[in-house]
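J.: sequence unknown, structure follows:
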Ligand SMILES: [Zn+2]
């Protein structure tokens, strides 16, 4: 809270409480002013879930104090909040951890481009949602492409100038609802000539990832990416290379392993590092996705258990999709349908709808 006030100005809501909800809560967090709701999966036994708290706290400035006018400008809430979250994480947990989060987000953004390749409208920051179910368009795009856009502006004008801009933006529009044009007008008025240096229209109205977006710059990030690449050549990380890894390191590593690995490699990795038993659901689910994509049936019991234990959509979506997407998955489809039938009543109605849509599309 102190760090956030230093970055974004005074906290305007008097109290800040956190309420941890049951495992069926479908989101990581929900930024209700004064009382943030959290999934119990952020409690991991170390501080590595704190970035979700940083995110929801950041909404006290970006997303609650300044709100998007409607869902077509949702990136104004989530892109700014993701940027603000990582600035808090950088001060509290250090630059390396912030860079890992940028890298995990970068991977997620690239996966969304693949997911929306037949509907590129959904990859725009500002988009047309007439007749669109907000649940269908919900993705990492407003978060991560929005983050990338703001980070790009920061790189252009330098951090001190961007920090000053951010404070002024928040002070100017607090307790108002705005749209993308209002933001762009304010940006151009306060940073004259910015439109000549950054293609603002491509960033806000274009599809895909602009060419001036980028991966994080950090030695730890580069090391993990190169170890993930080695796995393709059959080299597992040595114990001394991973001894200080926590959840985010493993998550980034697992997310970047090729999905075409051999089942025997997946089993060997788990035999050494016990990832399927991780108390950290980010790690466990990233591993189980890998197990599903390599058709490693030994882990289907653990997949079922996980799907019945938590209703957070961040986990349900990739696990159910992994089971039912692709050809020749009869056994997996039967499993997915049975597990959903048995777990359904424990899911939040929004999560029920999301899983239903996945099964309807593929089964
Ligand atoms: Zn948010």
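T.: Structure received. Since this is a predicted model, take the numbers as computed values, not measurements. Residues are numbered from 1 along each chain as shown.
J.: other SSEs contacting the top helix by length along the chain?
T.: In terms of residue count, the longest helix belonging to the chain (DSSP state H) is helix 95-115. Under the contact criterion of 3 or more CB pairs under 8 Å, 6 or more residues apart in numbering; DSSP states H and E, helix 95-115 touches helix 75-93, helix 146-157, helix 219-232, helix 247-255. C-beta coordinates here come from the backbone N, C-alpha and C atoms, glycine included.
J.: contacts made by the very next helix or strand once past the third one with the rest, please.
T.: Next along the chain after helix 219-232, taking DSSP states H and E as the criterion, comes helix 239-242. Residues from elsewhere that reach helix 239-242, judged by CB atoms under 8 Å, 6 or more residues apart in numbering: 223, 227, 249-250, 272-273.
J.: and the average pLDDT for helix 239-242 is what?
T.: In this model, helix 239-242 has an average pLDDT of 95.
J.: same check, this time on stretch 305-315
T.: 97.
J.: and if you look at stretch 46-57?
T.: The pLDDT scores in stretch 46-57 average 91.
J.: who does the least confident helix or strand in the chain by mean pLDDT touch, helix- and strand-wise?
T.: Every helix and strand in the chain was compared by mean pLDDT, DSSP states H and E; the lowest is helix 134-137, with a mean of 84. Secondary-structure packing of helix 134-137 (3+ CB pairs under 8 Å, 6+ apart): helix 349-362.
J.: picking up where we left off before, the longest helix of the chain: which residues count as buried?
T.: 97-109, 112-113, 115 (16 or more other CB atoms under 10 Å).
J.: just to be sure, residue 37 is in a strand?
T.: Yes. With DSSP: H, G, I helix; E, B strand; the rest coil as the criterion, residue 37 is part of a strand.
J.: bridged to it, which residues?
T.: For residue 37, the beta-bridge partners under DSSP bridges are residue 19, residue 30.
J.: wait, what's in contact with it?
T.: Here residue 37 is in contact with 19, 21, 25, 27, 29-30 (CB under 8 Å, 6+ apart).
J.: pLDDT weak spots in the stretch 1-150 of the chain?
T.: Low-confidence segments of the stretch 1-150 of the chain (pLDDT under 70): none present.
J.: swap in the stretch 151-300 of the chain?
T.: Across the stretch 151-300 of the chain, nothing is flagged by pLDDT under 70.
J.: can you name the residues of it that neighbour the ion?
T.: Nowhere does the stretch 151-300 of the chain come near the ion, counting by CB under 5 Å from the ion.
J.: what are the boundaries of the strands in the stretch 151-300 of the chain?
T.: Counting by DSSP state E, counting those that start in this stretch, the stretch 151-300 of the chain has these strands, from start to end: 176-178.
J.: could you check how far the residue nearest to residue 91 when sequence neighbours are not counted is from the ion?
T.: Leaving aside its chain neighbours, residue 91 sits nearest to residue 3 (4.6 Å; criterion: CB to CB, 6 or more residues apart in numbering). Using CB to the ion, to the nearest Å, we find residue 3 at a distance of 18 Å from the ion.
J.: may I have the phi/psi pair for residue 3?
T.: Taking degrees, to the nearest 10, you get phi -60, psi -40 for the backbone angles of residue 3.
J.: report how many residues lie close to it.
T.: 15 (other CB atoms under 10 Å).
J.: and it, what does it touch?
T.: Here residue 3 is in contact with 88, 91-92 (CB under 8 Å, 6+ apart).
J.: nearest to the ion, of these?
T.: Comparing the contacts of residue 3 against the ion with CB to the ion places residue 88 closest, at 13.0 Å.
J.: was I right about the closest one contacting residue 57?
T.: Yes. Assessed by CB atoms under 8 Å, residue 88 is found in contact with residue 57 at 7.0 Å.
J.: mutual contacts of these two, please.
T.: Counting by CB under 8 Å, 6+ apart, the residues touching both residue 88 and residue 57 are residue 4.
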